[in-house]
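Asks: What follows is a predicted protein model with its sequence.
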Amino acid sequence: MCGRITYIVDLERMTCSHRLRDLSGIPCAHVVCVIYNKE
């Protein structure tokens with residue numbers, strides 16, 4: 001993948017494989033980006 005990292009976002013659960021939300025309770029940038037681009 002040429003050094004790229006891929007994260008999986010689940011909009012139904014508002015989670016990301018990055019798991020930052022699990023630690024902080026705040027959605028990570030990956031979730032926010034998907035929501036923003038969805039609209």
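Replies: Arrived safely, thanks for sending. No experiment lies behind these values; they were computed from the predicted model shown.
Asks: after the helix or strand of the chain with the lowest mean pLDDT comes which helix or strand?
Replies: Lowest by mean pLDDT, DSSP states H and E among the helices and strands of the chain is helix 20-24, with a mean of 72. For helix 20-24, the succeeding helix or strand toward the C-terminus, using DSSP states H and E, is helix 29-38.
Asks: Which elements pack onto that following helix?
Replies: strand 9-10, strand 15-16 (3 or more CB pairs under 8 Å, 6 or more residues apart in numbering; DSSP states H and E). C-beta: built from backbone N, CA, C; applies to glycine.
Asks: now the first one, how far from the chain's geometric center?
Replies: Spelled out, it's strand 9-10. In terms of CA atoms, centre = their mean, to the nearest Å, the centre of strand 9-10 is found 6 Å from the chain centre.
Asks: What is that strand packed up against?
Replies: strand 15-16, helix 29-38.
Asks: Let's see that with 6 Å instead.
Replies: helix 29-38 (3 or more CB pairs under 6 Å, 6 or more residues apart in numbering; DSSP states H and E).
Asks: Contacts for the helix it packs on next, please.
Replies: Identification of contacts with helix 29-38 by CB atoms under 6 Å, 6 or more residues apart in numbering yields 7, 9, 16, 18.
Asks: Now a PyMOL select for only the buried ones of those.
Replies: Burial among these is assessed by 16 or more other CB atoms under 10 Å; the matching PyMOL selection reads:
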select buried, resi 9+16+18
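Asks: nearest to residue 27, of the contacts of helix 29-38?
Replies: residue 16 (7.6 Å; CB to CB).
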